[in-house]
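Participant: Next comes the sequence, and after it the predicted model I'd like to discuss.
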Amino acid sequence: MSQCTFKILCRLIRNGGRMHKAPHHMLARAHRARDLPTLRFKVAACLYFLAHGAPTKVAADVASIGVSTLRKWLQQFCDAVITDVKPEYMPGTPPDAERLADVRAQFASRRGLQNVAMACDGTHVPFNPDKTYNKNDFRNYKGWYSLLVVAFVDSFHLFIDADVGYAGRSGDNTVLKLSWLMKRIQEDPEAWLGEDGVIVGDGGA
């Protein structure tokens, strides 16, 4: 992530005000030490954990904070991204006619595929379920535990939507059947895809 992108992310999260509040005991201790964690530091710690996939304890040690503190920041960060950042870049509304024409033209010029308005695919994110009674639900077809993520993108590599959190045993088709975006597209396909528009995906989708 570039410094410019990091600053934009911090600005959007700051405007939402979801990562400013700290527990009273932390505020008191930080006031005495004059060392209250900044928003930039909190965001950086969360991004480090997400980017490296390190155990929570390792990521917390790198930031010189406790595991419980990092977990709290991660929850705040995720809430802020969903509530304050996502609407800026994935508004959940059909593109305007000019944007849709650009996307379809880009797909056609780069891949030779006509009438394509979106691409869709799924991926697995490593996950360690803490409950044994449903642990096998998270074992994917590759044999390891995961969460399934299914995303829609346009020809400019920009996300349109992403469904996250399904058990690894689920297939892309299961997620697509429950996707709010697919339901909206089925209700008004021309608004989302244009005339005779299609979504491309692999065999899993």
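Facilitator: Thanks, I have the structure now.
Participant: what's near enough to touch the spatially most central residue of the chain?
Facilitator: With distances taken as CA atoms, centre = their mean, the chain has A162 as the residue nearest its mean C-alpha position (6.5 Å). Listed by CB atoms under 8 Å, 6 or more residues apart in numbering, the contact partners of A162 are 90, 149-152. C-beta coordinates here come from the backbone N, C-alpha and C atoms, glycine included.
Participant: Dump these to a markdown table, plus distance to V62.
Facilitator: Below are these laid out as a markdown table (distance: CB to CB, whole Å):
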| residue | distance to V62 |
| --- | --- |
| M90 | 30 |
| V149 | 25 |
| V150 | 31 |
| A151 | 28 |
| F152 | 33 |
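Participant: quick one: which of these is most hemmed in?
Facilitator: Highest neighbour count within these: V150, with 27 neighbours (other CB atoms under 10 Å).
Participant: Remind me what the helix or strand hosting it packs against, helices and strands.
Facilitator: Counting by DSSP states H and E, the element that carries V150 is strand 146-153. Here strand 146-153 touches strand 116-126, strand 159-167, helix 172-178, going by 3 or more CB pairs under 8 Å, 6 or more residues apart in numbering; DSSP states H and E.
Participant: got these as TSV, with mean pLDDT and distance to P37 columns?
Facilitator: Formatted as TSV, the helices and strands packed on strand 146-153 follow (pLDDT from 0 to 100; distance: least, CB to CB, whole Å):
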stretch	mean pLDDT	distance to P37
strand 116-126	93	27
strand 159-167	91	27
helix 172-178	88	36
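Participant: which of those is buried the deepest?
Facilitator: strand 116-126 (a mean of 18; mean count of other CB atoms under 10 Å).
Participant: now the angle from it to strand 159-167?
Facilitator: For strand 116-126 against strand 159-167, the angle by axes from the mean of the first three to the mean of the last three CA atoms, to 10 degrees is 30 degrees.
Participant: burial count for W180?
Facilitator: W180, neighbours per other CB under 10 Å, totals 10.
Participant: if I pick it, what's in contact with it?
Facilitator: Going by CB under 8 Å, 6+ apart, W180 touches D161.
Participant: Name the next helix or strand following the helix or strand of the chain with the lowest mean pLDDT along the chain.
Facilitator: Least confident helix or strand, the chain: helix 24-33 with a mean of 52, by mean pLDDT, DSSP states H and E. Counting by DSSP H and E, the next helix or strand C-terminal to helix 24-33 is helix 39-52.
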